[in-house]
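Undergrad: Please work out how this folds:
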Amino acid sequence: MDFTDLVKKRYSVRKYDSRPVPISLIENCMEAARLAPSACNSQPWSFIIANTPEKVSALAKAAFSGIYSMNSFAAKAPVLIVVVAQHSRYSAALGGFFRGVQFSLMDVAIACEHICLQATELGLGTCMLGWLDEKNLKKELLLPSSAKIDIVISMGYPENNDVVRSKTRKTLDDIRRFL
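TA: You can find the predicted model right below:
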């Protein structure tokens, strides 16, 4: 599949079937994340993977309860990947300070998209979830309060009756300008 076809095929999956995802496929996705570019090669990420029903349920309950329950569908995903942002290298952090940009957040987002695109190529579905109870999730994972969790990715095989919504996007004329 060429890259444009892959991008067109990828969508946010919110209904998963119950099949477990083989570790080898999860590892393929992690390898794609590992190879993602980052500012000053800082690689400011780590990934905590839950791939058993008990662990997924515990993480989903911690992250997606109460006011965060719009993402409670994640409890039915066979895999949850908690993305923990690390500190950038000094040079990236310094450049970000002067520019007023959080390069580590961009870097983590690129790695997450690599995961999602690799998963799509492998026949898996994903959804990036940023609306989450970070404090409660850190408590469940025994992470220090200084840890930063911006995204959890749900992953699994899309349910057969999952409706793929048509993509409504701005036109190229609306988003680009040649000089």
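Undergrad: Count the residues that sit near the closest residue to P53 other than its chain neighbours.
TA: Take P53 and drop its neighbours on the chain: the residue closest to it by CB to CB, 6 or more residues apart in numbering is P78, 7.9 Å away. Every C-beta, even on glycine, is put in place using the N, C-alpha and C of the backbone. P78 sits with 21 neighbouring residues when counted by other CB atoms under 10 Å.
Undergrad: three-state assignment of L80?
TA: Counting by DSSP: H, G, I helix; E, B strand; the rest coil, the backbone at L80 sits in strand.
Undergrad: Now do the buried residues in the strand or helix carrying V56.
TA: Here V56 sits within helix 53-63, counting by DSSP states H and E. For helix 53-63, burial by neighbour count (16 or more other CB atoms under 10 Å) applies to 56, 58-60, 62-63.
Undergrad: cool, and stretch 138-156?
TA: 138, 140-141, 143, 147-156.
Undergrad: For the residues you listed, give me a markdown table that also has secondary structure, distance to I110 and pLDDT.
TA: As requested, these are exported to a markdown table (DSSP: H, G, I helix; E, B strand; the rest coil; distance: CB to CB, whole Å; pLDDT from 0 to 100):
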| residue | secondary structure | distance to I110 | pLDDT |
| --- | --- | --- | --- |
| K138 | helix | 23 | 97 |
| E140 | helix | 26 | 97 |
| L141 | coil | 23 | 97 |
| L143 | coil | 22 | 95 |
| A147 | coil | 20 | 89 |
| K148 | strand | 16 | 93 |
| I149 | strand | 17 | 96 |
| D150 | strand | 13 | 92 |
| I151 | strand | 12 | 97 |
| V152 | strand | 17 | 98 |
| I153 | strand | 13 | 99 |
| S154 | strand | 19 | 99 |
| M155 | strand | 18 | 99 |
| G156 | strand | 23 | 98 |
